[in-house]
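Enquirer: Just need the structure, nothing else, for what follows:
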Amino acid sequence: MRNLDQHTITEAVLARQAQTANPRLKHVLDSLVKHLHAFAREVELTEEEWFKGIEFLTRCGHITDDKRQEFILLSDVLGLSMLTVAQNNDKPAGCTEATVFGPFHVEGAPHYELGADISNGARGIPCVVRGTVRGIDGKPVAKAHMDVWQSDEDGLYDVQHPEIGHAQARGIVHSDSEGRYHFRSILAVPYAIPHDGPVGDLLQTTGRHPWRPAHLHFLIKAQGYEKLITHVFRSDDRYLDSDAVFGVRQSLIADWKQQSDGSYIVEYDFVLNPARKGAADA
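Expert: Prediction:
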């Protein structure tokens with residue numbers, strides 16, 4: 001087509017990609033084009049503004065590496081991560097709710113026996129974490145694969161300490177035959193998401209803070225159950241109502257109880273949803 005204008009360009013793009021073989025991909029791309037073009041028309045996007053947008057995305061790409069994922073941070077602070085989590089994890093009442101994955105998970109975390117100290121030298125106040133893993137029917141889930149990670153008392157994950165060279169405050173444990181789990185770690189503290197890059201500039205420009213309430217990350221897998229990606233949050237945290245990535249759910253909040261020796265204990269019971277028939281096991 002020739003002589004396209006602002007009124008005909010959208011249909012031309014849709015026609016150009018009409019031969020996309022994958023129907024799902026075609027549906028997603030068509031909708032993306034329609035919404036992007038509608039957005040540009042609605043805000044009367046200028047060329048200068050669009051170039052700045054491209055510059056912003058380019059900066060996100062340049063700062064991203066194997067230790068930092070700026071695009072995940074961008075998705076998180078725009079609420080898109082939590083939106084996709086919510087619409088793809090509609091579980092029955094009583095199941096533990098899912099929340100955002102975050103950018104600091106690492107594959108191949110070390111395995112620990114129950115009761116071990118997964119902090120592995122990370123700075124922080126000692127804390128015992130314990131509870132159970134059960135199905136929605138109340139039956140214990142034995143040998144649940146529980147991948148856990150958290151920040152240290154400085155609000156930094158081990159991957160943000162390149163000088164360490166080994167895993168800290170992260171590890172994998174398995175529930176026992178009764179679905180029980182327990183391990184030692186450190187007290188969860190609030191921390192700011194990385195805000196020294198383009199996402200931080202966006203937060204500052206929009207008058208937002210970069211803080212996340214104190215939490216532990218869990219990724220739980222068990223035969224016959226849906227995978228669960230979630231957090232457990234501290235009930236006394238000041239940022240519960242203004243989490244920078246919109247990840248807090250009331251059902252995921254627990255009390256961290258201080259003991260006479262100054263250490264802490266937190267207890268949380270996870271409830272998994274059975275895998276759908278025909279779906280691959282977690």
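Enquirer: When you work out contacts or count neighbours from here on, use the C-alpha atoms and nothing else.
Expert: Noted.
Enquirer: Shouldn't D30 be within a strand?
Expert: No: assignment of D30 by DSSP: H, G, I helix; E, B strand; the rest coil gives helix, placing it outside any strand.
Enquirer: residues near it, how many?
Expert: D30: 18 surrounding residues under other C-alpha atoms under 10 Å.
Enquirer: distance of it from Q87?
Expert: Note on D30: its distance to Q87, by C-alpha to C-alpha, to the nearest Å, is 21 Å.
Enquirer: where do the helices sit along the stretch 101-250 of the chain?
Expert: 198-205 (DSSP state H, counting those that start in this stretch).
Enquirer: pLDDT weak spots in the stretch 151-282 of the chain?
Expert: For the stretch 151-282 of the chain, the stretches flagged by pLDDT under 70 are 278-282.
Enquirer: so how far is R276 from the closest residue to G121 other than its chain neighbours?
Expert: Among residues not flanking G121 along the chain, Q168 sits closest, at 6.5 Å (C-alpha to C-alpha, 6 or more residues apart in numbering). Plainly put, Q168 is 35 Å away from R276 if you go by C-alpha to C-alpha.
Enquirer: Also D30?
Expert: From D30 to R276 the distance is 30 Å (C-alpha to C-alpha).
Enquirer: burial count for Q258?
Expert: Using other C-alpha under 10 Å, Q258 has 13 neighbouring residues.
Enquirer: where do the strands sit along the stretch 151-282 of the chain?
Expert: Counting by DSSP state E, counting those that start in this stretch, one finds strands in the stretch 151-282 of the chain at the ranges 170-174, 180-186, 191-192, 211-212, 215-221, 228-234, 253-254, 256-258, 264-267, 270-272.
Enquirer: Each with direction, which strands does the last one pair with?
Expert: According to DSSP bridges, strand 270-272 forms sheet pairs with strand 126-135 (parallel).
Enquirer: Quick check, central residue of this structure?
Expert: Among the residues of the chain, the one closest to the centroid is F101, at 2.0 Å (C-alpha atoms, centre = their mean).
Enquirer: From L73, how far off is that residue?
Expert: Using C-alpha to C-alpha, F101 is found at 11 Å from L73.
Enquirer: Q150 now?
Expert: 16 Å.
Enquirer: Settle it for me: which of these two has more neighbours?
Expert: Between Q150 and L73, counted using other C-alpha under 10 Å, Q150 has the larger neighbour count: 28 against 23.
Enquirer: Hmm, that one is touching A167, no?
Expert: No: if you go by C-alpha atoms under 8 Å, Q150 and A167 don't touch, sitting 11.0 Å apart.
Enquirer: Leaving out chain neighbours, which residue sits closest to F218?
Expert: V148 is the one closest to F218 (C-alpha to C-alpha, 6+ apart), at 4.8 Å.
Enquirer: residues touching that neighbour, list them.
Expert: Shown in contact with V148 (C-alpha atoms under 8 Å, 6 or more residues apart in numbering): 169-172, 216-219.
Enquirer: And L25, how far from Q17?
Expert: L25 is 10 Å from Q17, by C-alpha to C-alpha.
Enquirer: S175 too?
Expert: According to C-alpha to C-alpha, S175 and Q17 sit 49 Å apart.
Enquirer: Which one's more surrounded, these two?
Expert: The residue with more neighbours, out of S175 and Q17, is S175; 23 against 12, by other C-alpha under 10 Å.
Enquirer: That's all I had, so thanks and see you.
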